[in-house]
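**Q** Structure of the sequence below:
(one chain, ligands or ions: 1)
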Amino acid sequence: MKTRRDFLKLSTFGGLLPVTNFFAEQKAVTKPIVLSTWNFGLQANEAAWKILSNGGTALDAVEAGAKVPEGDPKETSVGLGGLPDRDGHVTLDACIMDEQGRCGSVAFLEHIVHPISVARMVMEKTPHVMLVGAGALKFALVNGFKKERLLTKESEKAWKEWTKKSAYKPIVNVENHDTIGIIALDVHGNLSGACTTSGLAYKMHGRVGDSPIIGAGLYVDNEIGAAAATGVGEEVIKIVGCHLVVELMRQGNTPEQACRLAVERIVKRNPAKAKEIQVGFLALNKNGESGAFCLQSGFNYAKYDSTGNSLIDSKFKI
Ligand code: SD4
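**A** Numbers count the residues shown, from 1 in each chain. Got it, this is the predicted structure:
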């Protein structure tokens with residue numbers, strides 16, 4: 001890349017390089033910035049922004065943001081109060097990834113309110129990327145997390161009602177929304193992301209979705225950008241969705257174009273299925289440019305930058 005000094009040399013010694021062209025090469029960078037899926041992304045962003053606006057790291061910011069819906073018993077698809085599987089167990093999936101490409105993940109974890117912090121600890125304190133089930137719980141308890149009951153009275157009531165028919169037909173944007181994917185760029189120019197969920201309501205016991213799978217529910221490449229997914233995890237896993245979105249940005253697509261192309265790949269694979277489900281992608285590039293795209297209308301996300309915190313409706317395919 002040309003430096004300012006090179007430019008001055010060029011223009012002094014025979015260069016007719018227009019000033020505007022040279023500086024057009026230097027894209028304006030928006031930072032810090034944080035993006036979170038769904039309405040509750042607004043509150044998650046508030047927690048993340050406190051850290052980002054004080055010069056904190058994107059990693060700390062995304063963890064703090066993800067913890068907001070995790071700890072809220074009224075949110076029925078994340079952490080405490082999450083709707084259970086068909087056997088009545090609340091089982092949680094989460095992952096986190098930082099600017100160094102380090103990552104940590106937990107899946108099929110029970111009894112812990114903040115799986116995102118356990119995922120971060122897997123990243124920072126173990127030689128592994130992913131711990132699941134009883135092993136993940138054991139690791140959390142040894143590291144000071146408390147064992148708690150995550151099934152609230154309301155979620156238990158909803159589950160008991162569901163067992164009367166036991167019909168597993170997730171309703172688009174209703175039963176399965178609220179996984180939080182949160183991606184941020186800090187003042188240092190570093191990207192990180194986090195994703196946490198109780199997964200699809202009334203899933204089979206033992207089912208794990210895309211959210212704790214690095215590359216599917218979340219991916220961060222500090223040279224290029226970050227992406228997070230929400231919706232029916234099986235379809236996201238099949239295209240390794242977030243890795244795909246980041247690679248599409250690497251090829252020169254804007255964040256929104258990259259998300260759109262990933263959604264279109266899901267449609268192309270199985271057009272009939274695509275009509276019945278929701279999948280949404282959210283992306284942020286190294287310049288702080290952001291965008292989203294989803295299958296069906298109804299997906300939104302919150303964006304917080306120097307202009308404030310706002311909720312944006314994603315464009316959609318169907
Ligand atoms: C899953 N992707 O477990 C999650 C669910 C979700 O918005 O994102 N809901 O498949």
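
**Q** residues from the stretch 151-300 of the chain in reach of the ligand?
**A** Proximity of the stretch 151-300 of the chain to the ligand, by C-beta under 6 Å from any ligand atom, involves residues 176-179, 197, 199-200, 209-211, 230-233. Where you see a C-beta, it was placed from the backbone N, CA and C, and this is true even at glycine.

**Q** Contact partners for Thr57?
**A** Ile51, Asp186, His188, Asn190, Ser192 (C-beta atoms under 8 Å, 6 or more residues apart in numbering).

**Q** The third one - how many residues pack around it?
**A** I take that to be His188. 12 (other C-beta atoms under 10 Å).

**Q** do the same with the second one
**A** If you count neighbours by other C-beta under 10 Å, Asp186 ends up with 25.

**Q** The fourth one too?
**A** When neighbours are defined as other C-beta under 10 Å, Asn190 has 19 of them.

**Q** Could you pull up phi and psi at it?
**A** phi -100, psi 150 (degrees, to the nearest 10).

**Q** just the buried members of the residues of the stretch 151-300 of the chain next to the ligand?
**A** Among those, those classed as buried by 16 or more other C-beta atoms under 10 Å are 176-179, 197, 199-200, 209-211, 230-233.

**Q** Would you reformat the residues you listed as a markdown table and include distance to Asp305?
**A** Listed next are these as a markdown table, based on distance: C-beta to C-beta, whole Å:
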| residue | distance to Asp305 |
| --- | --- |
| Asn176 | 28 |
| His177 | 24 |
| Asp178 | 23 |
| Thr179 | 23 |
| Thr197 | 25 |
| Gly199 | 30 |
| Leu200 | 32 |
| Gly209 | 29 |
| Asp210 | 27 |
| Ser211 | 25 |
| Thr230 | 21 |
| Gly231 | 25 |
| Val232 | 30 |
| Gly233 | 29 |
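
**Q** Same list (those) but as a markdown table, adding secondary structure.
**A** Output for those, formatted as a markdown table (DSSP: H, G, I helix; E, B strand; the rest coil):
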| residue | secondary structure |
| --- | --- |
| Asn176 | coil |
| His177 | coil |
| Asp178 | coil |
| Thr179 | coil |
| Thr197 | strand |
| Gly199 | coil |
| Leu200 | coil |
| Gly209 | coil |
| Asp210 | coil |
| Ser211 | coil |
| Thr230 | strand |
| Gly231 | strand |
| Val232 | coil |
| Gly233 | helix |
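
**Q** pLDDT at the residue nearest to Glu264 when sequence neighbours are not counted, what is it?
**A** Closest residue to Glu264 apart from its sequence neighbours, by C-beta to C-beta, 6 or more residues apart in numbering: Lys317 at 6.9 Å. For Lys317, the pLDDT comes out at 87.

**Q** Also Phe23?
**A** On the pLDDT scale, Phe23 gets 48.

**Q** Would you map the strands across the stretch 151-300 of the chain?
**A** Remark: strands assigned in the stretch 151-300 of the chain by DSSP state E, counting those that start in this stretch are 180-185, 191-197, 218-221, 225-231, 279-285, 290-294, 300-305.

**Q** No further questions, thank you.
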